[in-house]
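S.K.: just the structure for this:
(one chain, ligands or ions: 1)
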Amino acid sequence: MTAQYQVHGDVAIITLDNPPVNGLGLATRQGIADGMAKANADAAVRAIIVTGAGKAFSGGADIKEFGSSKAMQEPNLNSVISVLENSTKPVIGAIHTVVMGGGLELALGCHYRIAAPGTSVALPEVKLGLLPGAGGTQRLPRVLGVEAALNMIVSGEAIKAEMLAMLPGQKLFDKMAASAESLAEEALAFARSVADARPLPLVRNLPCKHPQGDAYFQFARNMVKGMSKNFPAPAKCVDAVEAATKKKFDDGMAVERETFIHLMWTPESKSLRHLFLAERAASKIPDVPADTAQRAINSIAVIGAGTMGGGIAMNFLNAGIPVKMLEMKQEALDRGVATIRKNYEAQVKKGKLKQDKYDQRMALLTTTLSYDDLNGTDMVIEAVFEEIGVKEAVFKELDRVMKPGAILASNTSTLDVNKIASFTQRPEDVVGLHFFSPANVMKLLEVVRGAKTAKDVMATVMTVAKKIRKTAVVSGVCDGFIGNRMIEQYGRQGGFLLDEGCTPAQVDKAMEKFGMAMGPFRMGDLAGNDIGWAIRKRRYQEKPDMKYSKTADLLCEKGRFGQKTGAGWYDYVAGKRDAIPNAEVVAMVEEHRKSLGITPRKISDEEIVQRLVFSLVNEAARILEEGIANKASDIDIVYIFGYGFPAHRGGPMNYADQVGLFNVVQAINRFAQNPMDDAKFWQPAPLLARLVAEGKTFN
Ligand code: NAD
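M.R.: Sure, this is the predicted structure:
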């Protein structure tokens, strides 16, 4: 049962009971309708309360039903709301904790609403590329006023009930309960107080007007234009709310319905819904059951107080977990602590962090030069130089001092985690935690599972990741793990495009128009071109037959490492991040092209995008087939949260699915014919070929 029915004297109570957030799936909707029928048929019942069990009134639609016929199956949400509205006995929504999306729309169908303070109220559909589809755009403006309602609908952000209750003239809440604890009792008393009130008030009958009418909606359209470049939904929200002010209620509902269905089929909304589910799925590891017993992690040690060590430490301090940082020299420790301090102070200055919070966080940070001081900590994360010899020395020390059961993690970006584990007598306790730079900002965390990493270690670090608000994705051990292994192919394609006729700016512009946060050359300048250079030097030894453009090496030979040296593929002015094209770099590219005897050709934006994105996809298909990634959606999460891939495309795998894998393979075969490119790489990955043959998709 996903909705309970009880009678308390003369009041019936329908309690949504569909954990975790009382999602309004088909069974729950049916439960509400059944409860309403029972209550209306029972002569002893004079009023009906609708409320939610546990931690929500209702979080809204069941997202798993989106896009399937189940969401529309009767009784659909609009029908259930009609049942509430048409009840001959008053219906009171008793609202607490969370009332969102369809949950709020359901509440707006009640005759009266009483809310507990602290309740989060939102219509977040826009975040999934949609608009509220069960009257939210028509009813919320009627109870909150047009502007307040439109702001909520367009932003999708949650607002506390007590804030909304203060809006002048608001009719969203008829009463605020004194506390969450007293809500049930107050709702009963309120229900009895309105049991005989007639006619029953309906939100749909309230007027809906904006005094400035057209001028206001013009202003609203301009506002959303800037913030919704790649998303159609916000502008459609404005249309629907405008319809609420200009049309009769039922005609406004028809506009909302039509717009909702249109948005449901847009690739943008499909991508956002895919990501919503993908993010939740990422934390699940197929062979690690959800109830795996976990290790307690209440303190952390970080080895190395450099760029990464400092950022990693901040994540834990932010979460209230004590951190002990270890370095070889006091100066290095002092520098590391000073950087952390500076970062926090900048946040305090901007008003993003309160002084007392800052003090609390810094108080959780201690430092040491001695490994023996680490024996009390539950987990250690190593972030020292990227050299296997240094890692060996560190892990031998850690093995010596860390208490039994402590988790030993490495932030290595390229080294073999199995090898690192082998430096200890406890490889089952060793795991890779690959943070992205800046580690206190970037959401992505690749959790690298070694061949011997224990299941409870995996389960524990996934929980730790949540505590420090990272989106964790599991990767197997391979060179570059999921993200960097793919980006190497992407970078190679960027180089070939320069050789064939592009400028760095042309490639970047095409990719940025596609939606990437940054094109590959701007990204190289940000990350440091010397990092790729070091990797290529290694590759030239390991894989002498692998083809590379030499332009990036030539650039590095000039010392143009990127933003950190003020010059890379572009020039940079100190303190600014604007990439200014540099004529010398363009000439260098041209000269190199000439030395190869290549006549430049005009390359379309479409080809640029396809070669770069499909190189990611082809490599990803291999990663998937090798079991390095557990599922295609994990790869999408890596690219969205770690590499600036556009959310409205839903990640490279989702994008490939949307383009059609048949078309992807066609393009790949075409690229293989290009003598300037790497025909060997452009063999469709076996998995990709198989999916096409079977008419399947990645997701
Ligand atoms: P860094 O040079 O900024 O910092 C390394 C720090 O480790 C230095 O402060 C150094 O003094 C200290 N150190 C070196 N040997 C040590 C030892 N034996 N004991 C204690 N401290 C020691 O380097 P970083 O960029 O922070 O990189 C650290 C690790 O993180 C590397 O494995 C790197 O591959 C990885 N990583 C870096 C990035 C990045 O973008 N910089 C991203 C992901 C992962």
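S.K.: which non-adjacent residue is nearest the closest residue to the ligand within the stretch 51-200 of the chain?
M.R.: Going by Cβ to the nearest ligand atom, the ligand is nearest to residue 127 of the stretch 51-200 of the chain, at 29.1 Å. Every residue, glycine included, has its C-beta placed from N, CA and C. Closest residue to residue 127 apart from its sequence neighbours, by Cβ to Cβ, 6 or more residues apart in numbering: residue 156 at 4.4 Å.
S.K.: count the neighbours of whichever residue of the stretch 401-550 of the chain sits closest to the ligand for me.
M.R.: Among the residues of the stretch 401-550 of the chain, residue 437 lies closest to the ligand, at 3.3 Å counting by Cβ to the nearest ligand atom. Residue 437 has 14 neighbouring residues, counting by other Cβ atoms under 10 Å.
S.K.: count of residues packed around the one residue in the stretch 151-300 of the chain that gets nearest to the ligand?
M.R.: Proximity of the stretch 151-300 of the chain to the ligand (Cβ to the nearest ligand atom) peaks at residue 300, 15.2 Å away. Residues near residue 300, counting by other Cβ under 10 Å, number 27.
S.K.: ok, the one 3 residues further on next?
M.R.: Neighbour count of residue 303, defined by other Cβ under 10 Å: 26.
S.K.: now the phi/psi pair for the residue of the stretch 151-300 of the chain closest to the ligand, please.
M.R.: The phi/psi pair for residue 300 (degrees, to the nearest 10) reads phi -130, psi 150.
S.K.: are we agreed that residue 517 is in a strand?
M.R.: No: assigned with DSSP: H, G, I helix; E, B strand; the rest coil, residue 517 falls outside any strand and is coil.
S.K.: wait, it sits on residue 644?
M.R.: Yes: counting by Cβ atoms under 8 Å, residue 644 is a contact partner of residue 517 at 2.9 Å.
S.K.: neighbour count winner among those two?
M.R.: Ranked by neighbour count (other Cβ under 10 Å), residue 517 and residue 644 place residue 644 first, with 18 against 13.
S.K.: how many neighbours does the closest residue to the ligand within the chain have?
M.R.: In the chain, the residue that lies nearest the ligand is residue 306 (1.8 Å; Cβ to the nearest ligand atom). Applying other Cβ under 10 Å, we find 15 residues neighbouring residue 306.
S.K.: tell me where the stretch 451-600 of the chain has helices.
M.R.: Assigned by DSSP state H, counting those that start in this stretch, the stretch 451-600 of the chain shows helices spanning 455-467, 481-500, 504-514, 520-527, 529-542, 551-557, 583-595.
S.K.: quick one: closest of the ones you listed to residue 666.
M.R.: Smallest distance to residue 666 across those (Cβ to Cβ): 17.2 Å, for helix 481-500.
S.K.: next one: the closest one to chain centre, how far?
M.R.: Centre-to-centre, helix 481-500 and its host chain are 24 Å apart (Cα atoms, centre = their mean, to the nearest Å).
S.K.: quick one: is it near the ligand?
M.R.: No: legend: contact between helix 481-500 and the ligand by Cβ under 6 Å from any ligand atom is lacking; minimum distance shown is 8.8 Å.
S.K.: just want the angle from that helix to helix 504-514.
M.R.: 130 degrees (axes from the mean of the first three to the mean of the last three Cα atoms, to 10 degrees).
S.K.: now helix 481-500 - C-alpha only, PDB.
M.R.: Presented in PDB, the C-alpha positions along helix 481-500 are these (Å, rounded to 0.1, in the frame of the first residue of the first chain):
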ATOM      1  CA  PHE A 481      40.900   5.700 -15.700                       C
ATOM      2  CA  ILE A 482      37.600   6.600 -17.400                       C
ATOM      3  CA  GLY A 483      37.900  10.400 -17.900                       C
ATOM      4  CA  ASN A 484      41.500  10.900 -18.800                       C
ATOM      5  CA  ARG A 485      41.700   7.800 -21.000                       C
ATOM      6  CA  MET A 486      38.900   9.200 -23.100                       C
ATOM      7  CA  ILE A 487      40.200  12.800 -23.100                       C
ATOM      8  CA  GLU A 488      43.500  11.600 -24.600                       C
ATOM      9  CA  GLN A 489      41.700  10.600 -27.700                       C
ATOM     10  CA  TYR A 490      39.800  13.800 -27.800                       C
ATOM     11  CA  GLY A 491      43.100  15.800 -27.500                       C
ATOM     12  CA  ARG A 492      44.700  13.700 -30.300                       C
ATOM     13  CA  GLN A 493      41.800  14.600 -32.600                       C
ATOM     14  CA  GLY A 494      42.200  18.300 -31.700                       C
ATOM     15  CA  GLY A 495      45.800  18.100 -32.800                       C
ATOM     16  CA  PHE A 496      45.000  16.400 -36.100                       C
ATOM     17  CA  LEU A 497      42.400  19.100 -36.800                       C
ATOM     18  CA  LEU A 498      45.200  21.800 -36.400                       C
ATOM     19  CA  ASP A 499      47.400  19.800 -38.800                       C
ATOM     20  CA  GLU A 500      44.600  19.700 -41.400                       C
END
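S.K.: around the ligand, pick out the residues from this structure.
M.R.: Of all the residues in the chain, those lying near the ligand are 303-309, 326-328, 332, 383-386, 390, 393-394, 411-413, 434-435, 437, going by Cβ under 6 Å from any ligand atom.
S.K.: hmm, 8 Å instead?
M.R.: 303-310, 326-329, 332, 335-336, 382-386, 390-391, 393-394, 410-415, 434-437, 439, 527-528, 531 (Cβ under 8 Å from any ligand atom).
S.K.: need the contact list for the residue nearest to residue 127.
M.R.: By Cβ atoms under 8 Å, 6 or more residues apart in numbering, the contact list for residue 156 reads 122-127.
S.K.: okay, now the domains of this structure?
M.R.: 3-264, 300-475, 483-694 (automatic domain parsing).
S.K.: for the first one, what is the average pLDDT?
M.R.: To tie it back to what came earlier, the one meant is domain 3-264. The average pLDDT within domain 3-264 is 96.
S.K.: make 30 the starting number, not 1.
M.R.: Let's use 30 as the start, then, which means that last one is domain 32-293.
S.K.: out of the contacts of residue 185, which is most surrounded?
M.R.: That'd be residue 152 among the contacts of residue 185, by other Cβ under 10 Å, with 30 neighbours.
S.K.: quick one: it from residue 187, how far?
M.R.: 9 Å (Cβ to Cβ, to the nearest Å).
S.K.: swap in residue 82?
M.R.: 20 Å.
S.K.: what does residue 214 give?
M.R.: 26 Å.
S.K.: so the two - more neighbours on which side?
M.R.: residue 187 (16 against 11).
S.K.: ok, back up a step: the residue of the stretch 430-579 of the chain closest to the ligand reaches residue 338, doesn't it?
M.R.: No: using Cβ under 8 Å, residue 466 makes no contact with residue 338, being 11.4 Å away.
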